[in-house]
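> Need the 3D shape of this:
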Amino acid sequence: MELADRYGIPHSQLMGAGDGRWTALDRAKALAYTAFVRQVCDGCGTRPQEWDEQAGGDRFAYIAATHRCPGCELIAAEQEQVPDGADGRGVRIGLTPRTE
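Residues are numbered from 1 along each chain as shown. The predicted structure is shown next:
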């Protein structure tokens, strides 16, 4: 479903069975996938159900792991350069490949 969503095509077409038209099943799958994706936490990538033991989840299914990303480190350093008190609303730091 992730690929079908990314390319905006029906799941049946991705699987080689469809002719490109959206069937009722394709629409239902797309809506279910969208609902599933919206439940994922932006910070850690898990869903609430994964932690809820009453919903079959396991509070101890994950362990914390440290990961250092040089790109995120550079973004954080640049973010520190935005002056305090300046109107920083809407300021977003991103990475652009160097062209040389």
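> Report pLDDT for the spatially closest residue to L74 that is not a sequence neighbour.
In space, and not counting its chain neighbours, L74 is closest to L95: 6.9 Å by CB to CB, 6 or more residues apart in numbering. The C-beta positions use only the backbone N, C-alpha and C, and glycine is treated the same way. At L95, the model reports a pLDDT of 94.
> A86 now?
pLDDT at A86 comes out at 60.
> Run a quick neighbour tally on the residue nearest to L74.
Per other CB atoms under 10 Å, the neighbour tally for L95 reads 11.
> Does it touch I75 like I think?
Yes - counting by CB atoms under 8 Å, L95 does reach I75; the two are 6.7 Å apart.
> Check whether the most centrally placed residue in the chain sits in a helix, strand or coil.
Residue closest to the average C-alpha location in the chain (CA atoms, centre = their mean): D42, at 6.5 Å. Three-state assignment for D42 (DSSP: H, G, I helix; E, B strand; the rest coil): coil.
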